[in-house]
Structure formats: C-alpha cells, structure tokens
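Colleague: quick one: sequence plus predicted model below, questions after.
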Amino acid sequence: MKPTKKTRRTDHAERLIAAPLVDVFAAFTSADKLARWLPPEGATGAFEHCDLRAGGGFRLRLAFDDPEVETKSDDDSDVVEVHIPTLDEGRLIVWQPTQFMNDKRKAEFDAFAARAGNVALIFSPFEEPRIGTNQYDFMIMNLDYHDVYWENKERGIVRMEPDSWLKAIYAAMKPGAVVGIIDHVAHPGGNTREVVEKLHRIDPAVIKADFQRAGFKLEAESDLLRNPADDHSLLVFDEKIRGKTDRAVLKFRKVR
C-alpha cells in the first residue's frame, strides 16, 4: 500500500552480510558510509551533527522522495537523533590448550595478530580452560569438542569429564551468548571415548546432550558441511577422507 498523509510509514529491514569485523565496524563509524546505507528506501539522509565516538552521537535528517509520505518532525522530513554511550570495536580471543602449543603455532598467531590488531591469545591446559567469566558474546569450536573425550599420555591429554569441562565454558559466556560447534560425525551409539580414540569422531547426539545438560539451548543445526560420501568408518586423518569428513554444525545459546 502506498503511504499517504493519512498512512504512517513503517520500515523494517534486515540482512545477513558476510563481511570482516573491521568492515562492519567501519560501516557504523563512518558518516559517509552511514549516510549511504542507513536511510530507508525512497529516502536520503543528511547529517546535521555527527560525532561517532563514545559519548557522542548524531542527528540525521531524512527527506523522502514521495511528498505524500507522512513525516513526523516537520512537513517534509524526519529527524533521527542517536546518542552513543560506548563504542567497542570488538575483540577476538583465541584459546589454545598448552598441550597443542608450539613455537610454529605461536609464530603463526603472532603474524596474524600483527595484521588484525584486535586479537589476543590465551592458553591453559586442555583440562582447565581458564578463559574468564561472563566474557564472550560468541564462541566457536571447530573440530575440537570430541577431544574432551580423548586421552593421550604422549600429548599430556588427561581424562576429562565433559560435564565439568563445560561448566567453565558456560561460565565464560555472557547471557544470550552463542556457542557454535563443528565436529566430525560418528555413527550413532557406541562408547564415545572408544570411538574418539579410534576415529576422532563423535555422535552429534552426544554433543547435544552434553551442552543441554550444561544449560545451553540448542537453537539450530545445519547440513552445510554434511558429506553423505563419508561412511563414518575412517579415522578423520585418513587421506581418503581428510578435509572432507561429514560434519555436524550446531548452534547453542546461553539463555540466562
């Protein structure tokens, strides 16, 4: 329905954009970029005041192409005023178990950190994820969760209890935070520790049950990385399947 003087205009828009964090941050902290994407379709914006820093804000006047659109501020425009109490460009924290840390990995991380500028590396024993409390909005574990069921004397990996281990993860996340898990799929059933020892795979049902016991809510799962050609019988490091394993993608949320 075409908006008229008697019809209020309500705009709602959302879009998922795959972009580096630095580009997203720039889109919200550059007046030129804001003026290009913030006004709704059929409108143009002009800043009367713009101070995109903590404690600052902006005043944006919107003018509509259609003269019949009802405006709220005066006869032909709307004014948007925003105050910015704080501004945080975000940080990326990488946790590496000490059992997997070596000079090569440390050098690779240092080179990455020098390029990115907003990342930090922390490490502690695998069995003691000392990653803080109420710290994170998002966490992803890529092909690692099954190792909570793994023991290896040569690598110094001691027996861990998933329920205890996940208590530290739950405590580290902020209320409402998301945890993403990607892992190699195993056949359903069986002894989880034996399957992990032999194949480095895990039944997705085990992951779901573990996280739900810890207090997380399963919000979504995706078939994006599923591979029906993987029959789940090979060790994930076998050259026939390495890099092409069938993988579960799970999204959990800390609800409080």
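Modeller: Good, I have the coordinates.
Colleague: now the helices for the protein?
Modeller: Along the chain, the stretches classed as helices by DSSP state H are 21-29, 31-37, 103-116, 162-172, 192-199, 204-214.
Colleague: which of those helices has the lowest average pLDDT?
Modeller: For those, the weakest mean pLDDT is recorded on helix 21-29, namely a mean of 77.
Colleague: tell me the angle it makes with helix 103-116.
Modeller: Using axes from the mean of the first three to the mean of the last three CA atoms, to 10 degrees, the inter-axis angle of helix 21-29 relative to helix 103-116 is 20 degrees.
Colleague: okay, now the spatially closest residue to Thr133 that is not a sequence neighbour: neighbour count?
Modeller: Excluding its sequence neighbours, the residue lying closest to Thr133 (CB to CB, 6 or more residues apart in numbering) is Ala171, at 5.0 Å. To be clear about C-beta, it is placed using only N, CA and C from the backbone, and glycine gets the same treatment. By the other CB atoms under 10 Å criterion, the neighbourhood of Ala171 contains 16 residues.
Colleague: I'd like the helices of the chain written out as JSON lines, with distance to Glu70 added.
Modeller: Listed next are those as JSON lines, based on distance: least, CB to CB, whole Å:
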{"stretch": "helix 21-29", "distance to Glu70": "28"}
{"stretch": "helix 31-37", "distance to Glu70": "23"}
{"stretch": "helix 103-116", "distance to Glu70": "46"}
{"stretch": "helix 162-172", "distance to Glu70": "48"}
{"stretch": "helix 192-199", "distance to Glu70": "61"}
{"stretch": "helix 204-214", "distance to Glu70": "48"}
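Colleague: out of those, which gets nearest to Lys244?
Modeller: When the helices of the chain are compared for distance to Lys244 using CB to CB, the nearest one is helix 192-199, at 14.6 Å.
Colleague: identify each buried residue in that closest one, please.
Modeller: For helix 192-199, the neighbour count (16 or more other CB atoms under 10 Å) marks Thr192, Val195, Val196, Leu199 as buried.
Colleague: any idea how far apart the tips of stretch 237-255 sit?
Modeller: For stretch 237-255, the first-to-last residue distance is 36 Å (CA to CA, to the nearest Å).
Colleague: re the thing from before, mind picking the two most distant members of the buried residues of helix 192-199?
Modeller: By the measure CB to CB, those have their two most distant members at Thr192 and Leu199, which lie 11.0 Å apart.
Colleague: residue ranges with poor pLDDT in the stretch 51-200 of the chain?
Modeller: For the stretch 51-200 of the chain, the stretches with pLDDT under 70 are 54, 71-75, 86-89.
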